[in-house]
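1. Let's see this in three dimensions:
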Amino acid sequence: MSTTMYSTSAPVFQQMLGSLQVILQKAQAHAAEKKIEDQVFLQARLSPDMFNLIRQVQIAADFAKGISARLAGVDVPDYQDTENSFEELQTRLSKTLDFIASLNAAQFEGSENREIVLRPGTPKERKMTGTSYLLSYGLPQFFFHVTTTYAILRHHGVELGKRDYMGNY
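-> Numbers count the residues shown, from 1 in each chain. Sure thing, here's the model as predicted:
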């Protein structure tokens, strides 16, 4: 079986968003066990100039849905960034997973060479092929935010390991 744009993207997003769900469940359980307010974790960040945990999860979901939509040639779902609890973050991840599951491999055919335009009409507009978009931009961005979410929680004492990060594969 050859590697396709679909197999290089959708299953990866599904695996890692699933791991984020488990990681957030463990964080919420840890907070309850230690009698720590959920907001301590949700507002936590690794450095003052970095986004907090809520925003890291939102951005990870945004990259997963945005990349999948653009490669499949469909509209990117619009999510409002209003999450403020573990439950709301779980809902966002579930909604993103449902969206990705609604796409099929045929929709990704030919996306290797599809022109992807980021920030169209702005001074930051950037054009690239689907392959460059996925491999050089999208996946690294996605993994950065997933990893940062893991690191924030691990740094704050949530018992997580590599298996939690990797999820089911």
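2. can you tell me the helix or strand for the spatially closest residue to residue 108 that is not a sequence neighbour?
-> Once flanking residues are discounted, residue 108 sits nearest to residue 6: 3.9 Å by Cβ to Cβ, 6 or more residues apart in numbering. (Each C-beta comes from the backbone N, C-alpha and C, glycine too.) Counting by DSSP states H and E, the element that carries residue 6 is helix 5-34.
3. What residues of that helix count as buried?
-> 5-6, 8-10, 12-14, 16-17, 19-21, 23-24, 27-28, 30-31 (16 or more other Cβ atoms under 10 Å).
4. all helices for this structure, in order.
-> 5-34, 38-42, 53-72, 86-101, 105-108, 130-132, 139-155, 162-166 (DSSP state H).
5. Counting by contacts, list what the last one packs against.
-> Judged by 3 or more Cβ pairs under 8 Å, 6 or more residues apart in numbering; DSSP states H and E, the packing partners of helix 162-166 are helix 5-34, helix 139-155.
6. The ones you listed: which one's closest to residue 66?
-> Smallest distance to residue 66 across these (Cβ to Cβ): 9.4 Å, for helix 139-155.
7. Touching the closest one from outside, list them.
-> Residues outside helix 139-155 that contact it (Cβ atoms under 8 Å, 6 or more residues apart in numbering): 9, 12-13, 16, 19-20, 23, 26-27, 41, 44-46, 50-53, 56-57, 59-60, 63-64, 67, 160, 164-165.
8. Let's see that with 7 Å instead.
-> Where contact means Cβ atoms under 7 Å, 6 or more residues apart in numbering, the residues beyond helix 139-155 that reach it are 16, 20, 23, 27, 41, 44-46, 53, 56-57, 59-60, 63-64, 160, 165.
9. next one: stretch 79-89
-> Residues contacting stretch 79-89 (Cβ under 7 Å, 6+ apart): 24, 28, 38, 54, 57, 58, 92.
10. how long is that stretch end to end?
-> 12 Å (Cα to Cα, to the nearest Å).
11. Go through that stretch and flag the buried ones.
-> 83, 86, 89.
12. Skip the chain neighbours and tell me the closest residue to the first one.
-> Distance criterion Cβ to Cβ, 6+ apart; nearest residue to residue 83, sequence neighbours excluded, is residue 89 at 5.1 Å.
13. what's the spacing between that neighbour and residue 38?
-> Distance of residue 89 to residue 38, given as Cβ to Cβ, to the nearest Å: 10 Å.
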